[in-house]
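>>> kindly generate the corresponding structure for this input.
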Amino acid sequence: MFDLDRAMREHSRRLFAYAYAILGDWHEAEDAVQEAFCAAWRGRADFDGRAALAWLYRITLTKCVDIMRSRGALSFAELPAEAAAAPSHEGRLELMDALSRLPDGDRALVLGRALAGEDYAELASRLGISEAAARKRYERAKKRLARLLSDDESEV
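Residues are numbered from 1 along each chain as shown. I've put the predicted structure just below:
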């Protein structure tokens, strides 16, 4: 069972820091976290009771991406060439779809690094892994994202 009050008490600060690192705007980060908790409450019936924090991070990330999409603030500088080459609206939608298909940890690495500009030490700390592991997983995630984007193009 999902306990919203407990989740808010225990995780609000951590989720806010995560959203702020991605969005770079205090008010948007607050909005993202608030929307994430609302979405978690609405989706509580689907919550299996395991890994509440990971579930909340994933929801918060989705809300951050929604906010970035609404303001047109997606940066493609760190992403694979397949993503950087397609900054059109359609290309962004394909990128967001491909990102959504990455495992949560990989998606957090890519978005944290490419969109929020987090360094490897920050990513490692947030994900509870070593800096070397963050670096390696990030490179693998970029390659996986490039493959997903290439697969999308071949399906058209």
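
>>> pull the contacting residues for Tyr18.
Going by CB atoms under 8 Å, 6 or more residues apart in numbering, Tyr18 touches 57, 60-61, 126. In short, each C-beta sits where N, CA and C put it, glycine included.

>>> and if we set it to 7 Å?
Counting by CB atoms under 7 Å, 6 or more residues apart in numbering, Tyr18 makes contact with 57, 60, 126.

>>> and the helix or strand harbouring it, average pLDDT?
Taking DSSP states H and E as the criterion, the element that holds Tyr18 is helix 4-23. For helix 4-23, mean pLDDT rounds to 85.

>>> what helices and strands are in contact with the helix or strand where Ala40 lies?
Using DSSP H and E, the element containing Ala40 is helix 26-42. Applying 3 or more CB pairs under 7 Å, 6 or more residues apart in numbering; DSSP states H and E, one finds that helix 26-42 contacts helix 4-23, helix 52-71.

>>> what's in contact with that helix?
By CB under 7 Å, 6+ apart, the list of residues contacting helix 26-42 reads 2, 4, 7-8, 12, 15-16, 19-20, 23, 56, 59-60, 63-64, 67.

>>> show me what counts as buried in it.
Going by neighbour count (16 or more other CB atoms under 10 Å), the buried part of helix 26-42 is 28-29, 31-37, 40.

>>> what of stretch 60-71?
Buried-residue list, stretch 60-71, by 16+ other CB under 10 Å: 60-65, 67-68.

>>> what about the contacts of helix 26-42, which one has the most neighbours?
Within the contacts of helix 26-42, most neighbours by other CB atoms under 10 Å means Ala19, with 28 neighbours.

>>> distance check, that one against Lys63.
Counting by CB to CB, to the nearest Å, the separation of Ala19 from Lys63 is 7 Å.
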